[in-house]
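Participant: for reference, the sequence and a predicted model appear below.
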Amino acid sequence: MKMSQILATRRRVAVLVIALVSTLALAACTSSASDEAADDGDLNLIVPSAPASWDTRQTGSLTLAAQLLVNEPLMTYQADGAVVPNLASAVANPSLTVYEYTLAEGITFSDGSPLTVEDVKFSYELHSAADSTSYTAAAWSQVESIETSGNDKIVITLKAPDPQFRYTIAKVGIVSKAYYDEHGDAVGTPDVPQIGTGPYLFDRFVPQSETTLVPNPDYRGEKPRFKSITMKVAKDDAARVVALQTGEFDGVVSPPLSQIASFEDLDGFTGQEAPDFGLYRINFDTKKAPFDDVHVRKAIMHATNRQALVDGIFAGQATVAPTLVPESIMAAAGDPAEVKQAYVELESDLAFDLDAARAELEQSSRPDGFDLEIPVDQGDPSQSLIAQTIGQDLAEIGINITVKAMDQQGHGDAVYFKHTADGLSIDSWNGGTPDPLNIPKNTLLPGLFGNVAQYDNPEVTELLDAYQALDVEDPTRVPVLLKALSISGDDLPMVPLFTPKVFAFFKDGMELKNFDTFWYMTRWTDNLTTS
Amino acid sequence: MSLDITTTETTDKPWLISPLARMILQRLVAAVVVLFVVTILIFAFIHAAPGGPEQAIGGREATPELLESIREENHLNDPLWQQYTTFVTNLLHGDLGTSYTRREPVSTSIATAAGVTLPLLLATWVLSTVIGGALGLYTARRQGSRADRAVIGFTVVGASSPVFATGVLLSYVFGVKLGWLPTLGSGDGGMDTVKHLILPVLTTTIVLMASTTRFARVRFGQVLEEDQVTFARSRGLSSRYIVKTVVLKNSGVQMITLAGAVLVAMTGGLVVVEQVYGLQGIGTLLITGITMRDIPIVQGVTLVIALMVVVINLVVDVLCFVIDPRLRKGLEATS
Amino acid sequence: MTDASALTGGRITPWRRSARRLKLPVAVGISVLFMALAVICVIAPFVAPHDPTFIDPTKSFLGPSLDHPLGTDQLGRDIVSRIIAGARTAVLAPLALAAGAVLLSTVLAVLAGYTGGRIDAVIGRANDILYSIPSLTVAIVIVGVVGGGFTLSIAVLMVFGLPGNIRLLRAAVLERVNLPYIEAAKMSGLSTPRILLTQLVPAISPLIVTSFFLQVTFAIVELSSLSFLGLGVAPGSPDWGLMLAENRAALSSNVWAAAGPALCLVALAVSSNLIGDWLYTRYEKAGRSR
């Protein structure tokens, strides 16, 4: 490094220091006018995560709660499950693979420029381009073409029918093409705030930490009701509880499962819960010995006391999962009685029985048991709790485990990308759309990221493809999916453990109406009531 | 003791430049080596870490092809030496690169984070050295008194508590019970930021003050018992004069070394405090950089921290050199 | 306080100290007692009332009772038993860490400070490099790459404990190297090892002792901080730092699950601190009266 640079850096640092010291001094002189506590107009929330940038390619699931308030989607998901036109005035489905949207008239971005079909096309191509780095690129890989026709039509053609596509549209915020042309990849960084057509604007943003939204004064619809919406990330568990207790915040959404009990004990806050569309599961890498042996897998399954996990450690925060899809989600799509029957059968195959476990192990390639290292993600304390608990029962049948904590990327590399771990992992998998297909598709089809088991059964693949080709309203849909789940259940590439509930805690008197696991896709500010 | 000073001025070798300048020059050369080693070390480690940046960039639904194209795009498939050369070349042009995940120049990310960390660092440093030094001096002169014991008790407990435990306790007391101060985030400028910084500063100060007080007390205690103090006292010199001219001067080297060490120790220790209080400072930037395998961020932050440490150490050495003539003699003798 | 009283105060100190020397101060006594208790737990972990690793989901987060004096953690494990089992790592690891770090730094500091010249330069530069490395970063990266472990954490912290100690001790050595009595020893033809062992090291030994006990305290705190960041012992191990980190978010469920190990940690660190201080005072006095 050159001398001049060292000096330059030092000078820069020195300038910064002086600036900061004088700011501190000045600030100390002025009287305290700012009010910490939120009044009626400010909403302060603790959230589990924040993106590195508000570029729409880098957001997904909970971070959409802020993004979609700024960058409205063409269609909006509603708490009752319907997907309704938002920026679109109409939608038509000439066939199962063609979606034709008509853009509503007179909509403008917050910088005053009009919203055109080119903007919509551009917004989608950010995700569908072959080399897109979008987090949701996989959902867009089935798109054949995105075309505009006239001044107000966008036509999207899929390669094959996809019942989840309507939700994909509801999750993608529309951005300004001109703005992206001007600023490129910088859009969404603190200096180049993302712009959209929605009721709020990005005001302040600290990457991966804090975001503040303020009302868009020129919003076409009803005037936004909050003077500001601030979302802060609390990484540390204790800090999260303490921060809520100070009264600085109006609520916390999706806190970690292991902390629910602490929040329930807090005075002044009321919890809301809903069944999550997701599950904790044990994955067996079926390409790796000894887990390529179904008897080893069955032995571990029988040695796993799922009910004890649910009753003891996650008391009241979860329900035992007989398969990959929660019963409520499946029942909503098909005949509840039929679903119930199928679920009872699925559950009966997963009984906790140490003798049966020993018998299975006897028949396996490793009758004397083996040693095993289970990788757990530090970011999710529940994984470690589950691993330790099942480890105690596994020791009874001769399988001795050690738990290894890894950071998120290291864990992801060992478990999802490179499959370098010992072959047994514990994780939670969440559905990205309300369609019951979501989890089975992502975890049972070969080559997909969520298929940690590297499971590949052509029969199951065929059934899942058949399900996709059916219309959303077709009554034969759910039986097809149930059959796929039953076959894969017998193959046992993974043990479904339990479905956690999803929680939110708000100040007494405040309530998020119709709270469910996909609340972030809705215009949730409309459902937040204060009494 | 003070006799040594004058004799060193007449040396047998005529110096072209003063010994001080010579030392600084030597140190700067060494600093370049230090920075070189640090960057190579970090470079090697971060590249060896499992789970490359492409996974963080591509997200959990990324296909193998996409991951490969991200690697290609960011030159992650080039030989390591080539990547390192590029890094150094860019560095020499004053370019720290662009963050993979934040899509902004690394220097911008660091400047933003430094805006949070520097006030915290400086306030803590000044408070812990000044208060620590003063308490150390105060108690050194009253060893065994009630005040001495109270101070020792406080520092002992302070130094013996994990930072995150102290942090949780303080935020519970001041944030929850008393409701005086915010406990999360860095505030939105002005008074709000100052308020948000009070608890983090208090937490780190309590921990660091413990060691500064202890060392100051020990060192001042030693000097106070030295012959020259006894001599000065017997000459009837005032206590204040003794403290000023004899004690402070003779403890100076260690106190400056200690102050430097405190500053250096803090650069790493801040990570925990920033995590506890949800501050987006340098430490958090580094931690998220590592978890996201954001190589340019990790390299940039470690380089800046290393640079800072090198500069602090240089300043410490120069100061010691200036105030303690014995070191000067030693330096000349060895050259 | 007036100047005069400050001066007399300075004179009274030795008298007071020798008075105190006759009896063990209460705080130090308690510290020794606590240390002894911790050591008993290390040698005889079977005094624990329950199996410290036995998981019973039906007993998750029980409050204190006769059977479980400090209650249980989330997995239904007995807190008291875990604290007793955790004494092993809590006591031994910091001691090993501090002993290693202080021993190594003394050797290097004396070598560097006394011999000077090239050796000093090499040690100094190597030390500078170590000093300039943000220790936590490297700790995190190394642990991430190698896969972690307690031994590794200890080794890494030991290495990063060196620079501060070396600097401090070297400064102390430098201060004495040019003093007349060392020079006199050199003149009188004493061998270098003898000068070092009989003159130099004793002269800086109060600093060494202080460094050691401070290092123990630091080690206790640092190891628990590593556990806080998830880099210490494996999940599930009965370790005070880890227990504190795991249970600190559940203060409302069973406050003792976190407070118990926390108090033990602080008590242990305070004990080592006080004992070190007391030893130092005695030692220094003995050195002076020689």
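Facilitator: Received it, and whenever you're ready, just let me know what you need.
Participant: now the helices for the stretch 151-290 of chain C?
Facilitator: Counting by DSSP state H, counting those that start in this stretch, one finds helices in the stretch 151-290 of chain C at the ranges C:180-187, C:192-194, C:201-228, C:240-247, C:255-289.
Participant: so C:Ser105 touches C:Val159, yeah?
Facilitator: No: if you go by CB atoms under 8 Å, C:Ser105 and C:Val159 don't touch, sitting 10.5 Å apart. All C-beta spots, glycine's among them, are computed from the backbone N, C-alpha and C.
Participant: okay, the two: which has more neighbours?
Facilitator: Legend: neighbour count by other CB atoms under 10 Å in any protein chain shown for C:Ser105 and C:Val159, higher for C:Ser105 (25 against 17).
Participant: so who does the more buried one touch?
Facilitator: C:Ser105 makes contacts with C:Gly161, C:Leu162, C:Asn165, C:Ile166, C:Leu169, C:Ser211, as judged by CB atoms under 8 Å, 6 or more residues apart in numbering or on different chains.
Participant: returning to what we had before: dump the helices of the stretch 151-290 of chain C into TSV; add mean neighbour count, distance to chain A and mean pLDDT as well.
Facilitator: Shown next, in TSV, are those (neighbours: other CB atoms under 10 Å in any protein chain shown; distance: least, CB to the nearest CB, whole Å; pLDDT from 0 to 100):
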stretch	mean neighbour count	distance to chain A	mean pLDDT
helix C:180-187	13	38	80
helix C:192-194	10	39	81
helix C:201-228	23	9	81
helix C:240-247	26	7	84
helix C:255-289	20	9	77
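Participant: tell me the centre residue of the chain?
Facilitator: Picking chain A for this. Nearest residue to the geometric centre of chain A (CA atoms, centre = their mean): A:Ser61, 3.9 Å.
Participant: nope, chain C
Facilitator: C:Val216 (0.5 Å).
Participant: name the nearest residue to the closest residue to chain B within chain C, ignoring sequence neighbours.
Facilitator: Taking CB to the nearest CB as the measure, the point where chain C comes nearest chain B is C:Ala269, at 3.2 Å. Distance criterion CB to CB, 6 or more residues apart in numbering or on different chains; nearest residue to C:Ala269, sequence neighbours excluded, is B:Ser160 at 3.2 Å.
Participant: in this structure that neighbour contacts C:Ile220, no?
Facilitator: Yes: using CB under 8 Å, B:Ser160 is in contact with C:Ile220, at 7.2 Å.
Participant: who touches both of those two?
Facilitator: Shared contacts of B:Ser160 and C:Ile220, defined by CB under 8 Å, 6+ apart, are found at C:Leu265, C:Leu268, C:Ala269.
Participant: those into TSV, with extra columns for distance to A:Glu144?
Facilitator: Putting these into TSV (distance: CB to CB, whole Å) gives the following:
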residue	distance to A:Glu144
C:Leu265	62
C:Leu268	67
C:Ala269	66
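Participant: SS state for A:Pro375?
Facilitator: State at A:Pro375, reduced to three classes by DSSP: H, G, I helix; E, B strand; the rest coil: strand.
Participant: which positions in stretch A:457-473 come out as buried?
Facilitator: Residues A:Asn457, A:Val460, A:Thr461, A:Leu463, A:Leu464, A:Tyr467, A:Gln468, A:Leu470 are the ones in stretch A:457-473 that count as buried (16 or more other CB atoms under 10 Å in any protein chain shown).
Participant: I'd like the average pLDDT over that stretch.
Facilitator: Regarding stretch A:457-473, the rounded mean pLDDT is 93.
Participant: next one: stretch B:312-326
Facilitator: Looking at stretch B:312-326 alone, the average pLDDT works out to 77.
Participant: put the alpha carbons of that stretch into CSV.
Facilitator: In CSV, the C-alpha atoms belonging to stretch B:312-326 read as follows (Å, rounded to 0.1, in the frame of the first residue of the first chain):
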residue,chain,number,x,y,z
ILE,B,312,-2.5,3.0,16.7
ASN,B,313,0.6,0.9,17.4
LEU,B,314,2.8,3.3,15.5
VAL,B,315,1.4,6.2,17.5
VAL,B,316,1.9,4.4,20.7
ASP,B,317,5.5,3.7,19.9
VAL,B,318,6.2,7.2,18.8
LEU,B,319,4.7,8.6,22.0
CYS,B,320,6.6,6.2,24.2
PHE,B,321,9.7,7.1,22.3
VAL,B,322,9.1,10.8,22.8
ILE,B,323,8.3,10.6,26.5
ASP,B,324,10.8,8.0,27.6
PRO,B,325,14.4,8.8,26.8
ARG,B,326,15.6,5.3,27.9
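Participant: which residues touch the nearest residue to A:Thr304 once chain neighbours are set aside?
Facilitator: Once flanking residues are discounted, A:Thr304 sits nearest to A:Ile390: 5.1 Å by CB to CB, 6+ apart. When contacts are counted by CB under 8 Å, 6+ apart, A:Ile390 touches A:Ile282, A:Ile300, A:Ala303, A:Thr304, A:Asn305, A:Leu309, A:Ile401.
Participant: and the one helix or strand A:Ile390 maps to with helix C:240-247, angle?
Facilitator: Secondary structure from DSSP states H and E places A:Ile390 in helix A:381-396. Per axes from the mean of the first three to the mean of the last three CA atoms, to 10 degrees, the angle that helix A:381-396 makes with helix C:240-247 is 120 degrees.
Participant: close to chain C, is the helix or strand that comes right after helix A:381-396?
Facilitator: For helix A:381-396, the following helix or strand on the C-terminal side (DSSP H and E) is strand A:399-406. Yes: Strand A:399-406 lies within reach of chain C by CB under 8 Å from any CB of the partner chain, at A:Thr402, A:Val403, A:Lys404, A:Ala405, A:Met406.
Participant: which PyMOL command selects the buried ones in those residues?
Facilitator: This is how PyMOL selects the buried members of the residues of strand A:399-406 next to chain C, with burial counted by 16+ other CB under 10 Å:
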select buried, chain A and resi 403+404+405+406
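Participant: good, we can wrap up now.
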